[in-house]
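Asks: Fold the following for me, if possible:
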Amino acid sequence: MAHASDIRVAGFDFSRFANLRETLATRFANYRTYRATLNELSDLSDRELADLGLARANIKSVAYQAAYGN
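Replies: As a prediction, this is how the structure comes out:
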């Protein structure tokens, strides 16, 4: 049974396509995590954010760390 990573047709390397698809899927999943975290934290009141030890100005950096780990 042939897999996409094993097939080469007319000079087209399907493994590169599979790698691109995987990279794009990972990036999209990370972006969705970022947006979901950003939206959830933005919906909290200032009091709720303070209870978590966060300021409203830190929401973007916290969401970025949650999604991308940096």
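Asks: how about the strands in this protein?
Replies: 8-9, 12-13 (DSSP state E).
Asks: Can you name the residues that contact the residue nearest the centre of the chain?
Replies: For the chain, the residue nearest the mean C-alpha position is residue 30 (0.4 Å; C-alpha atoms, centre = their mean). Under the criterion of C-beta atoms under 8 Å, 6 or more residues apart in numbering, the contact list for residue 30 reads 67-68. Glycine gets a C-beta too; all of them are placed from N, C-alpha and C.
Asks: looking at the strands of the chain, which has the lowest confidence?
Replies: Considering the strands of the chain one by one, the lowest average pLDDT is found for strand 8-9, at a mean of 63.
Asks: sorry, back to before: look up how far residue 50 lies from the residue nearest to the centre of the chain.
Replies: 28 Å (C-beta to C-beta, to the nearest Å).
Asks: Equivalent analysis for residue 69, please.
Replies: Summarising the geometry, the distance separating residue 69 from residue 50, computed by C-beta to C-beta, is 25 Å.
Asks: Could you do residue 26 as well?
Replies: Taken as C-beta to C-beta, the spacing of residue 26 relative to residue 50 amounts to 34 Å.
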